[in-house]
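# Quick one: sequence and predicted model below, then my questions.
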Amino acid sequence: MKRLFGIFALALLIVTGKAYADEGMWLPMFVERLNYVDMQKMGLQLTPEELYSINHSSLKDAIVGLGSDAMPRGFFCTGEIVSEHGLLFTNHHCGYGAVQKLSSVEHDYLKDGFWAKDYSEELPAPEMTASFLIRMEDVTKDILGVVNDTMDFVDRTQAVNAKIKEMEKAASEDGKYNPVIKGFFAGNEYYMFVYQVFTDVRLVGVANSSIGKFGGDTDNWMWPRHTGDFSIFRVYADKNGNPAAYSKDNVPLTPKHYLPISLDGVQKDDFTMIWGFPGSTERYMSSFGIDYNVGTFFPIIIDIFGKQLEVMDEFMQKDDAINLMYADNHAGLANTWKNFIGQCTMLRKNKVSEGKVALEKDFMKWVKADPKRNAEYGNALTNLKDAYDDLGKVTKHVFYPNFIAHSGAAGIAAQFASYYEAVKNKDKEAEAVALEALQQMDVSALFKDTDPQVEKKNFAEMLKLYKNAFDANELPEIYSIINRKFRGDIDAFTEYVYTNSVFATPESVKAFIAKPKAKTIGKDYAYIMNTSMMEKITTVIPSYHKAISATRENDHVFVKGLREYYAATQPEKSLYPDANSTLRMSYGSVQDYNPADAVQYDYVCTAKGILEKYVPGDYEFDAPKRLINLIERKDYGAYADENGELIVCFLSTNDITGGNSGSPIMNGKGELIGLAFDGNWEAMSGDVNFEPKLQRTINVDIRYVLFVIDKYAGATNIIDELDIRKSDPKPVRVEEEVKG
């Protein structure tokens, strides 16, 4: 199963103002004006210029957005430069896809780990790019200067998009830079981010998944965590330090800034800051958007992804080759699946919608108190309610058939729709174009990282899932065929498809392309399954798009009004924009928390927890014998704390979300003390509403990272490259021969 994110994106924005020092994902260009005094009081020792500068090297120059193409419109993770030779730390799960692609059954780096001893052994990371921010600037006046009050929302959007395209092109300096302009506060402000994107990124080191994913999906989002969630890459450039495609002549990047590493560890109340590229928050979202997500959208995705994961698990745990094949896909689906379960649970438990309702009531009182405000903002919430009601009626009829239509052979069949339609319509010109596209198709890529057994089982289970989700009169034509030809037996239908369909194997697809016959496509049950599902989508897609457009239009109005409301009623409040995969800074402190009555969680966990959780041979809680032996002997070297214990992970109050994975967590000196990699279960509602008493970031302690690199893997070449610092007394690293 290829990972599918759907063909439709629902962009919903939401936020609250700054109520606590720890809350907020702040744009670094405003650090001196908005945050610096608070940060100094909490323990920051750097100057504003040392944090963010466009004229001199600063901390921002060590922060890297990790993407998969040269246009940095979004980042899947964050990394940080930690040496003068372009060495980059990020999370294990951030490097997981690249490591999977580099692996084979014979050389399974996910299972066995990988450690390059010198530059020559480093491996080019497939489809990974490293983006460095050169500068950011406010372009709101330029962008909004092309709109006026006479425009409707569609015309406004078109004018804004055209201006963005024009300004991005001008700022690229003929391709030297990669500029991106993004909207903030639901399109009420716009900022440009100018990047340099390096495409030659190479794998340097990664621990076994039994270290990097210890605890698996069971421990995901949970505290305490005992996961060594880190991997190591290196950024390469041409001899002049510029971005360049992979070449043996490229050299390690000399960065403008890199992060030193502290061995001093953490204590409760220590100042912490995290810099990175958080993906998406929704803290301005109305109560109606929350209710829609919890009641409609999230349950649909949980249902679909849960079934797909169930199918994968059945085969992955029995076959190493299949496990490697689906590893990255499974990890992504499982993370989203559990995240949505957590959001549903905690949005209800933490009564987030009820809190929004209270805010909306106060907002409307303020709106109605002034005729001008009422004319501009008085209908925004009513319109949002209507839009989400309309969206809720059709969402099920969009997402279920979309995912089912792209299952296995049906998804492959979709690639042939243009050719079939051109022949059917007797459009010779379109037929020629479509045929040429088929002949140039990389068929092997369509089937890459898939196994026939898994695809076949998923095909059947998706059909069953759809059937159970809808009434009989709502089912598409393919079910009539299953009933007539196969007596309603979906398994028998699936068996027939995978025995007879043109689209079931790469060999049959290649043979068809060599001698194409459009009639064959039209009679193929995999193709009929795809088209019958897509026909269902077609009947509701106009209503879906209309509702989506209405939510965006009225979000824009609501957020604009909400900002004015805060300015009038709480002028001391500094508002921060929602996360949108642009560079942000958050600050807080090391803290424990109380998740429930009579329960307290410490702010650190130690290697003793690995022994307590260790289950030999278990899919999630196995661990390498060498690691267990080192822990049992307490052979921690320079990486033990003052009590002789090895801290694995620690908690902080920093405000993060997806995309911050791999972000550096630093002390007041700007020294690396760990890598952020997760949030906690009790605050899974945090993307919509910051929960100050509950919300925590889970960070892998840098001392555990170094312990694994040094004492476990023996990769002392990496240790020697780092700028490692410790207050007196200085540590002594004892090297030893690595034994299996």
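Received, thanks.

# from here on, contacts and neighbour counts on C-alpha atoms
OK.

# Domain-wise, how is the protein divided?
Per automatic domain parsing, the domain ranges recorded for the chain read 28-221, 293-349+388-539, 593-716.

# winner for burial among these?
Among those, ranked by average contacts under mean count of other Cα atoms under 10 Å, first place goes to domain 593-716 (a mean of 21).

# how long is it end to end?
37 Å (Cα to Cα, to the nearest Å).

# what do you get for stretch 308-324?
One end of stretch 308-324 to the other measures 16 Å (Cα to Cα).

# pLDDT (mean, whole number) over it?
The pLDDT scores in stretch 308-324 average 95.

# sorry, back to before: of the domains of the chain, which is nearest Leu583?
For Leu583, the closest of the domains of the chain is domain 28-221, at 7.4 Å, according to Cα to Cα.

# Surely Pro624 and Gly212 touch.
No: if you go by Cα atoms under 8 Å, Pro624 and Gly212 don't touch, sitting 11.3 Å apart.

# out of the domains of the chain, nearest to Pro371?
Closest approach to Pro371 among the domains of the chain (Cα to Cα): domain 28-221, 17.9 Å.

# Quick one: distance of that closest one to the chain centre.
12 Å (Cα atoms, centre = their mean, to the nearest Å).

# Kindly report the same for stretch 467-481.
That offset, for stretch 467-481, works out to 34 Å (Cα atoms, centre = their mean).

# quick revisit: Throw the domains of the chain into CSV and include distance to Phe271, thanks.
Output for the domains of the chain, formatted as CSV (distance: least, Cα to Cα, whole Å):
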stretch, distance to Phe271
domain 28-221, 5
domain 293-349+388-539, 28
domain 593-716, 6
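
# ok, Val197 - contacts?
Neighbouring residues of Val197 by Cα atoms under 8 Å, 6 or more residues apart in numbering: Ala70, Met71, Pro72, Thr129, Ala130, Ser131, Phe132, Tyr177, Asn178, Pro243.

# how about a cut-off of 6 Å?
Neighbouring residues of Val197 by Cα atoms under 6 Å, 6 or more residues apart in numbering: Ala130, Ser131.

# Which secondary structure element is home to it?
strand 189-198 (DSSP states H and E).

# Show me what the helix or strand that that strand is followed by is packed up against.
On the C-terminal side of strand 189-198, the closest following helix or strand by DSSP H and E is strand 201-206. Identification of packing neighbours for strand 201-206 by 3 or more Cα pairs under 6 Å, 6 or more residues apart in numbering; DSSP states H and E yields strand 114-115, strand 123-124, strand 231-237.

# any idea which helix or strand comes after strand 201-206?
Later in the chain than strand 201-206, the nearest helix or strand by DSSP H and E is helix 209-212.

# Mind exporting the C-alpha coordinates of that following helix to CSV?
C-alpha atoms of helix 209-212 as CSV (Å, rounded to 0.1, in the frame of the first residue of the first chain):
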residue,chain,number,x,y,z
SER,A,209,15.5,0.3,15.2
SER,A,210,15.4,-1.6,18.4
ILE,A,211,17.1,1.5,19.9
GLY,A,212,15.7,4.2,17.6
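
# looking only at pLDDT, what's the mean for that helix?
Averaged across helix 209-212, pLDDT comes to 98.

# Please list the outside residues in contact with that helix.
Residues from elsewhere that reach helix 209-212, judged by Cα under 6 Å, 6+ apart: His92, Leu110, Lys111, Thr227, Gly228, Asp229, Ala623.

# Would you tell me which of the domains of the chain gets closest to Leu722?
When the domains of the chain are compared by Cα to Cα, domain 28-221 sits nearest Leu722, at 5.6 Å.

# now the angle between strand 189-198 and the helix ranked longest in the chain, please.
What stands out as the longest helix in the chain, according to DSSP state H, is helix 525-569. Here the directions of helix 525-569 and strand 189-198 differ by 130 degrees (axes from the mean of the first three to the mean of the last three Cα atoms, to 10 degrees).

# Check which helices and strands helix 525-569 sits against.
Applying 3+ Cα pairs under 6 Å, 6+ apart, one finds that helix 525-569 contacts helix 380-394, helix 396-405, helix 408-413.

# Could you tell me the angle between it and helix 380-394?
Angle, helix 525-569 to helix 380-394, by the same axes, to 10 degrees: 170 degrees.

# Following the chain past helix 525-569, name the next helix or strand.
Using DSSP H and E, the helix or strand that follows helix 525-569 towards the C-terminus is strand 584-589.

# what distance separates that following strand from the middle of the whole chain?
The chain centre lies 19 Å from the centre of strand 584-589; the measure is Cα atoms, centre = their mean.

# need the next SSE after that strand, C-terminal direction.
From strand 584-589 onward toward the C-terminus, using DSSP H and E, the following helix or strand is strand 593-596.

# Which other helices and strands does that following strand contact?
The contact analysis (3+ Cα pairs under 6 Å, 6+ apart) places strand 593-596 against strand 599-601.

# For the strand it packs on, give me every contacting residue.
Under Cα under 6 Å, 6+ apart, the answer for strand 599-601 is Asp592, Tyr593, Asn594.

# The second one - nearest residue in space that isn't next to it in sequence?
For Tyr593, ignoring the flanking residues on the chain, the nearest one in space by Cα to Cα, 6 or more residues apart in numbering is Tyr601 at 5.5 Å.

# Please report how far that neighbour lies from Met222.
From Tyr601 across to Met222, the span is 11 Å (Cα to Cα).

# low-confidence ranges in the stretch 401-550 of the chain?
Filtered on pLDDT under 70, the stretch 401-550 of the chain yields no residues whatsoever.

# which residue ranges form the helices in it?
Shown for the stretch 401-550 of the chain, the helices assigned by DSSP state H, counting those that start in this stretch span residues 408-413, 417-424, 428-439, 443-447, 452-469, 477-486, 490-500, 506-514, 518-523, 525-569.

# Tell me which residues touch Arg202, please.
So Arg202 contacts Glu122, Leu123, Pro124, Ala125, Phe233, Arg234 (Cα under 6 Å, 6+ apart).

# whoops, I mixed them up, Leu722
By Cα under 6 Å, 6+ apart, the contact set of Leu722 is Ser83.

# For the residue nearest to Tyr593, give me the pLDDT.
The per-residue pLDDT reported for Tyr601 equals 98.

# what do you get for Asp22?
81.

# same question, Asp149
pLDDT, Asp149: 89.

# Check for me that it belongs to a helix.
No: counting by DSSP: H, G, I helix; E, B strand; the rest coil, Asp149 falls outside a helix, being coil.

# can you list the residues that contact the helix or strand in which Thr157 is found?
Element membership for Thr157 (DSSP H and E) is helix 153-171. Identification of contacts with helix 153-171 by Cα under 6 Å, 6+ apart yields Ile143, Val147, Pro179.

# Now the terminal residues of stretch 166-180, how far apart.
This stretch, stretch 166-180, spans 11 Å end to end (Cα to Cα).

# and if you look at stretch 312-330?
For stretch 312-330, the first-to-last residue distance is 7 Å (Cα to Cα).

# now stretch 196-210
End-to-end span of stretch 196-210 (Cα to Cα): 35 Å.

# Centre of the chain to the longest helix of the chain, how far?
Taking mean C-alpha positions (Cα atoms, centre = their mean), helix 525-569 and its chain are 21 Å apart.
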